[in-house]
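Student: Pasting a predicted model and its sequence here:
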Amino acid sequence: MNNEDNKTIVSDTNHVNSESTSKKTLLKHGTSLSFLTFISRILGLLREMTKSAFMGTSAIADAFAIAFLIPNLLRRLFAENSITVAFIPTFKKYLDESKNRKDNDTKKELKEFLSSIFTLLTFLTTTVVLIGIIITPIILKLAFPHLGETFSLTVLLTRIMFPYLICISIAAFFQGILNGVKIFSPSGITPILFNIIVIGCTYILTDYFNNASIAMAIGVALGGIVQALFQLPFVLTKFRFSIINLKKVVTNEGTKKVVALFIPTFFGMAAYQLNDLICSSLAKYAGTGVLSSLQYSMRLQEVLLGVFAVSVGTVILPDLSSYASKKDWQQFQNILETAIKTIALITIPATFFSLFTGEHIITLIYKTRNFTNESVHLTLSAFTFHIAVLFFIALNRILAPAFYAQGNSKYPALAGIVSVFVNTATAIILVNTMSGPAGLALSLAISSIANTVLLFVFLNKNQVLHISTIIKKTVFAILKMSVFSIIACIPLFLCSTALYQFFEGHNRIISEGIPLFIQFIIFSTIGIALLIITKDTLIRSILKKVKR
């Protein structure tokens, strides 16, 4: 055996070992975070069930949806994306430098950096909130000129929930710090607390205000405060920071890097949020209840996205950032491939199962009090298109961190802007050609696919990654899981009618819940069996983790 053969064997062994390490790392942190996120999303569903029970798809429900839309859009702009895109990669560089040098200067630099970001975030969000509260009527008249009799209520609800932006932005900053040092549990618990508070306030305060939307809005504001306060003790055990002079903020080198990374994404996300407002405005023209039915559908989609896609994306970003800074592109690619395969393993079967049982899922979760058969059909028409592209939306949550980890926010922003134009153009056309929320849901589906394709195109510009290998493995994973899912759906098709007829005539927990659960068990058992028979490496790793 010559030296070249030896080198090849060593290289292959290192590749296998590094791939195994990537899977273990992803499973270790991803499993615990996914569990917490699963609980959070279930409570999120309960929150939406509470909303559907108290408000249904009425004009009040639409008013609440619009009021929450504005601070929620700003949250995505200031909190989630600024932390994900700009803060964590820069923070990881400071941490790595601190570990390598281990002197007082690096600790001081890190503290100044954290203080600077904390001050900047607090100052910006407070300013936006104060201005927003003052000009709320103007914003609503411009964005939603057709509100009519619900205008005054929408103004009140918006003003109540605007301060949520400050609290959730600070909470996102704390989450970024903890995730940077691979502490994920506190930020996984905070959404659980948020949902409990919103649900509790709705039940406790509705009779007092004689309006469920006001009670729920107060719950949102209180929930944001708790999300920030809960994480603070965990952060303070690791790092110290404070409010500092704005002059120091402007001159801090780390802050300059964060702002430089964030600016391209700011414009991309601003376009995306504008598009969201346009779609919401169009939804109101499509009829009463269309906007709220879109949100009910999106909540179901976000259960799966939040549990798996967001959890995996959150876990891999710190590691991707470290490998990118070290130029360890083999490990970088291993983590990316494992993340994509994990997403395919979950979302594609979930898509097939949800498409097959969508009406029963919506009926089980939402149909009560003010949520009528018409509400079920409205939500189902949106849900069909929302769930059909679940894998592509989840894939976007995985591919974007691959750019952010390299300090590249330009390409995801560009892909986002292009998909916005696609979404806006198709939404304007389809809202008039398809009834209810279906056209708007389809336009979002088309734009999500466009965004995914563009991210792959831009990722191909990175010469150090083997994009053709990633694409081949992605396509293979899609085809494999699609075939397995179709096979698993066959028994459901054969026994569905008889199964629901057997349990009909009871309350919806029995008539809808038990047949759904039986179908889920059959579907999952067949799917897992097929993965084990074909010796899928990822499912074997998961089963070993569960066994331990």
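Tutor: Nice, thanks for sending it over. Computed from a prediction, not measured in an experiment: that's the story for all the values here.

Student: Any idea which helix or strand in this structure has the lowest mean pLDDT?
Tutor: When the helices and strands of the chain are scored by mean pLDDT, DSSP states H and E, helix 81 comes last with a mean of 59.

Student: and the helix or strand that that helix is followed by, what's its mean pLDDT?
Tutor: Note on helix 81: by DSSP states H and E, the next helix or strand toward the C-terminus is helix 88-101. What helix 88-101 shows for mean pLDDT is 77.

Student: before we move on, what about stretch 134-150?
Tutor: 85.

Student: Check which residues of it are buried.
Tutor: Residues of stretch 134-150 classed as buried by neighbour count (16 or more other Cβ atoms under 10 Å): Thr136, Leu140, Ala143, Phe144, Leu147, Thr150. Heads up, the C-betas are built off the backbone N, CA and C, glycines and all.

Student: Need the distance between the two termini of it.
Tutor: 19 Å (Cα to Cα, to the nearest Å).

Student: now that stretch: how far from the chain's centre is it?
Tutor: Distance, stretch centre to chain centre, for stretch 134-150: 28 Å (Cα atoms, centre = their mean, to the nearest Å).

Student: just use 10 as the starting number from now, easier for me
Tutor: Shifting the count to begin at 10 puts that one at stretch 143-159.

Student: returning to that earlier point: let me know the closest of the buried residues of stretch 143-159 to Arg168.
Tutor: Ranked by distance to Arg168 (Cβ to Cβ), the buried residues of stretch 143-159 are led by Thr145 at 5.5 Å.

Student: Looks like the closest one contacts Phe171 (just checking).
Tutor: Yes. Using Cβ atoms under 8 Å, Thr145 is in contact with Phe171, at 7.3 Å.

Student: Where does pLDDT dip in the stretch 410-557 of the chain?
Tutor: Applying pLDDT under 70 to the stretch 410-557 of the chain flags the ranges 472, 550-557.

Student: coming back round to it: Throw the buried residues of stretch 143-159 into a markdown table and include distance to Ile75, thanks.
Tutor: Below are the buried residues of stretch 143-159 laid out as a markdown table (distance: Cβ to Cβ, whole Å):
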| residue | distance to Ile75 |
| --- | --- |
| Thr145 | 11 |
| Leu149 | 7 |
| Ala152 | 8 |
| Phe153 | 6 |
| Leu156 | 7 |
| Thr159 | 8 |
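
Student: Mind listing what's buried along the host helix or strand of Leu540?
Tutor: Assigned by DSSP H and E, Leu540 falls within helix 523-542. Buried residues in helix 523-542, counted by 16+ other Cβ under 10 Å: Ile523, Pro524, Leu525, Gln528, Ile531, Phe532, Ile535, Gly536, Ile537, Leu539, Leu540.

Student: What sits closest to the first one if chain neighbours are left out?
Tutor: Leaving aside its sequence neighbours, Ile523 sits nearest to Phe512 (Cβ to Cβ, 6 or more residues apart in numbering; 5.4 Å).

Student: which SS class is Pro154?
Tutor: Here Pro154 is recorded as coil under DSSP: H, G, I helix; E, B strand; the rest coil.

Student: picking up where we left off before, list just the nearest of the buried residues of helix 523-542 to Ala391.
Tutor: Leu525 (19.7 Å).

Student: Determine the set of other helices and strands touching the helix or strand encompassing Ser457.
Tutor: According to DSSP H and E, Ser457 maps onto helix 447-468. Contact here means 3 or more Cβ pairs under 8 Å, 6 or more residues apart in numbering; DSSP states H and E; on that basis helix 447-468 packs against helix 262-294, helix 299-313, helix 382-397, helix 399-413, helix 419-442, helix 476-512.

Student: hmm, 6 Å instead?
Tutor: helix 382-397, helix 399-413, helix 419-442 (3 or more Cβ pairs under 6 Å, 6 or more residues apart in numbering; DSSP states H and E).

Student: Could you measure from Leu439 over to Leu314?
Tutor: 23 Å (Cβ to Cβ, to the nearest Å).

Student: neighbour count winner among these two?
Tutor: Leu314 (23 against 18; other Cβ atoms under 10 Å).

Student: who touches that one in this structure?
Tutor: Contacts for Leu314 (Cβ atoms under 6 Å, 6 or more residues apart in numbering) come out as Ala403.

Student: do you know how far it is from His395?
Tutor: Distance of Leu314 to His395, given as Cβ to Cβ: 10 Å.

Student: With Ala359 instead?
Tutor: Ala359 is 12 Å from His395, by Cβ to Cβ.

Student: Ok, Ile175 next?
Tutor: Using Cβ to Cβ, one gets 30 Å for the distance from Ile175 to His395.

Student: With Lys265 instead?
Tutor: 39 Å.

Student: Those two: which is more packed in?
Tutor: His395 (25 against 14).

Student: Apart from its neighbours in sequence, what residue is nearest that one?
Tutor: Excluding the flanking residues, the one nearest His395 by Cβ to Cβ, 6+ apart is Gln310, at 4.7 Å.

Student: And for that neighbour, the neighbour number?
Tutor: Neighbours around Gln310, by other Cβ under 10 Å: 22.

Student: which stretches of the stretch 60-209 of the chain form helices?
Tutor: Using DSSP state H, counting those that start in this stretch, the helices of the stretch 60-209 of the chain run over 68-84, 90, 97-110, 113-143, 145-152, 160-170, 173-189, 194-218.

Student: In terms of pLDDT, where does the closest residue to Tyr375 other than its chain neighbours sit?
Tutor: Once flanking residues are discounted, Tyr375 sits nearest to Ser61: 4.5 Å by Cβ to Cβ, 6+ apart. At Ser61, the pLDDT value in this model is 85.

Student: what's the answer for Ser29, then?
Tutor: Looking at Ser29, its pLDDT reads 50.

Student: Please apply the same query to Asp71.
Tutor: Asp71 is given a pLDDT of 84.

Student: quick one on the thing from earlier: show me the contact partners of the helix holding Leu540.
Tutor: Here helix 523-542 has contacts from Pro358, Phe362, His369, Phe493, Ala497, Pro500, Leu501, Leu508, Tyr509, Phe512, Ile548, using Cβ under 6 Å, 6+ apart.

Student: Select only the buried ones of those residues in PyMOL?
Tutor: A single PyMOL command suffices to select whichever of the contacts of helix 523-542 are buried according to 16+ other Cβ under 10 Å:
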select buried, resi 358+362+369+493+497+501+508+509+548
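
Student: With respect to Leu408, which of the contacts of helix 523-542 is nearest?
Tutor: Proximity of those to Leu408, judged by Cβ to Cβ, is greatest for Pro358, which lies at 20.8 Å.

Student: check contacts around the closest one.
Tutor: Ser494, Gly536.

Student: sec struct for it, please.
Tutor: Under three-state DSSP, Pro358 comes out as helix.

Student: how close does it sit to Gln310?
Tutor: For Pro358 relative to Gln310 (Cβ to Cβ), the value is 15 Å.
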